[in-house]
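Participant: Output the structure for:
(chains A, B, C and D)
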Number of protein chains: 2
Amino acid sequence: MAERYTIGTLARQVGVNVETIRYYQRRGLVQEPAKPFGGIRHYAQAHARRLRFIKEAQRLGFSLDEVGELLSLEDGLHCREVEEIAGQKLVTVRERMAQLSKIEKLLAVLVGQCHGNRGKVRCPLIASLESATA
Amino acid sequence: MAERYTIGTLARQVGVNVETIRYYQRRGLVQEPAKPFGGIRHYAQAHARRLRFIKEAQRLGFSLDEVGELLSLEDGLHCREVEEIAGQKLVTVRERMAQLSKIEKLLAVLVGQCHGNRGKVRCPLIASLESATA
DNA sequence: ATTGACTCCGTACTTAAGTACGGGAATAGA
DNA sequence: TCTATTCCCGTACTTAAGTACGGAGTCAAT
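Facilitator: Numbers count the residues shown, from 1 in each chain, chains lettered A, B, ... in the order given. I've put the predicted structure just below:
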C-alpha cells in the first residue's frame, strides 16, 4: 500500500539534494521514517508533498523556521495555537500579496510601455512601491 | 534642496544596519555618493526609498541578485532589456501571488474552522498547495 | 582645544541554508 | 557471487547575506 521510495529516489522526484532532505530531518521539518533492522529507510508520497511544500514556501520568502510553523498547522494542533499561528501568517501572506500585486502592476505597465517602443524607459517602480508601503 | 543624511541617520531611518548599506554599495545595489574632500558622504531620500525597496523585495523572496535586476529597471534601460527582464519577473511575481493566494485561502479556512471550536483541527495545507502546483 | 560621537574603509567573523566527503553497510543487476 | 550503486551518519566545507572590529579621520558641542 504505502509506496516505498528510498531517500535517493525521493530526492530525484522532488528535485532536491539528498543532503537537503537529511538536513530538513535534522531540523525537524521532515520526519525520518523508522529504520528497519539494519536496513534502509523508506519514504512515501507524503514525504514528497511535504518537501515540495517546503520549497514553495521558501520561494515565497518564508524562512525554514517559518515553514516549520506552517507545517505545524498541518500536523494538527490545538485550536488556540492554530488561531494564533494561522492568524499571524495570514497577515504576512496578505501583506506579501499586496506588495507583489503592486510590483505586478508596475511590471505590466513597463512591459506595455515598451512594446514596440525602441527608446529608453524609466520606471517608477520604487516610488510606487513606497507609496504602497507608507 | 537635497536632504543631507549621513549614513548613520539613513540607516536609522530605514531600520537597517550601517554595515548593510555599505554592503549593498559594494554589491552595486545602492550607489555611493561622491565623497566631499576628505569628508563625509551625504545621502538623500532617494537612497532611503531604494533601501526600503530592497528590503521589501527580499521579503517577497527575491535574492539580492534578483533585486538588482528589478532595480536596473528603475535605473533606465533599453526597451529590449526591459521587456526581457520585466517580462520574466512578471511571470515569477504572478506565480508567487498564485501560491500565496492558495495559502491565504487555506489559512483563512483554518482560522474560521477554529473559531469557537476547542478541539483539534488538522489542516490540508500541503495537499491543496500541491494540487495548485501540479 | 578637547572630548565624544560618528564616518571611512578594509578585513574578519557569523548565521542560515545547504553541500560535500568518506568510510562502512546494504542491496540490486550482470 | 561479485561488483556497482545506494544508503547511513557524522563531520566539515560553501554560499549568500549580513555583522562586527579597529584604527584613523571628521565634526559638533562644551
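
Participant: and the residue most central in space within chain A, what pLDDT?
Facilitator: Ranked by distance to the mean C-alpha position of chain A (C-alpha atoms, centre = their mean), the top residue is A:Ala57 at 1.0 Å. Looking at A:Ala57, its pLDDT is 94.

Participant: For it, give me its contacts.
Facilitator: With contact set as C-beta atoms under 8 Å, 6 or more residues apart in numbering or on different chains, A:Ala57 has these partners: A:Glu66, A:Val67, A:Leu70, B:Ile103. Quick note: C-beta positions are derived from backbone N, CA and C, even for glycine.

Participant: Just name the closest of the residues you listed to A:Leu10, please.
Facilitator: Using C-beta to C-beta, A:Val67 comes nearest to A:Leu10 of the contacts of A:Ala57, at 18.0 Å.

Participant: Can you read off the backbone torsions of that closest one?
Facilitator: In terms of degrees, to the nearest 10, the main-chain angles of A:Val67 are phi -60, psi -40.

Participant: Span of stretch A:33-51 from start to end?
Facilitator: One end of stretch A:33-51 to the other measures 14 Å (C-alpha to C-alpha, to the nearest Å).

Participant: Can you show me the helices along chain A?
Facilitator: Taking DSSP state H as the criterion, chain A carries its helices at A:7-14, A:18-27, A:45-59, A:64-74, A:79-114, A:125-133.

Participant: The second one: how far from the chain's middle?
Facilitator: Put simply, helix A:18-27 sits 16 Å off its chain's centre (C-alpha atoms, centre = their mean, to the nearest Å).

Participant: same for it, what does it pack against?
Facilitator: If you count contacts as 3 or more C-beta pairs under 8 Å, 6 or more residues apart in numbering or on different chains; DSSP states H and E, helix A:18-27 packs onto helix A:7-14, helix A:45-59, helix A:64-74.

Participant: Output those helices in a markdown table, with distance to B:Thr9 appended to each entry.
Facilitator: Listed next are the helices and strands packed on helix A:18-27 as a markdown table, based on distance: least, C-beta to C-beta, whole Å:
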| stretch | distance to B:Thr9 |
| --- | --- |
| helix A:7-14 | 47 |
| helix A:45-59 | 34 |
| helix A:64-74 | 31 |
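
Participant: who wins for proximity to A:Lys35 among the ones you listed?
Facilitator: Using C-beta to C-beta, the helices and strands packed on helix A:18-27 put helix A:7-14 closest to A:Lys35, at 11.3 Å.

Participant: Tell me the helices and strands packed up against that closest one.
Facilitator: Applying 3+ C-beta pairs under 8 Å, 6+ apart, we find helix A:7-14 packed against helix A:18-27, helix A:45-59.

Participant: List the buried residues of the first one.
Facilitator: By neighbour count, and taking 16 or more other C-beta atoms under 10 Å in any protein chain shown as the criterion, the buried residues in helix A:18-27 are A:Ile21, A:Tyr24.

Participant: the inter-axis angle of it versus helix A:64-74?
Facilitator: Put simply, helix A:18-27 runs at 70 degrees to helix A:64-74, going by axes from the mean of the first three to the mean of the last three C-alpha atoms, to 10 degrees.

Participant: which residues sit against helix A:18-27?
Facilitator: The contact list for helix A:18-27 (C-beta under 8 Å, 6+ apart) reads A:Ile7, A:Gly8, A:Leu10, A:Ala11, A:Val30, A:Gln31, A:Glu32, A:Leu51, A:Ile54, A:Leu64, A:Gly68.

Participant: Not counting sequence-adjacent ones, nearest residue to the fourth one?
Facilitator: Pointing back at A:Ala11 there. Sequence neighbours aside, A:Val18 is the residue nearest to A:Ala11 in space, at 4.6 Å (criterion: C-beta to C-beta, 6 or more residues apart in numbering or on different chains).

Participant: so how far is B:Phe37 from the one you found?
Facilitator: Distance, A:Val18 to B:Phe37, by C-beta to C-beta, to the nearest Å: 58 Å.
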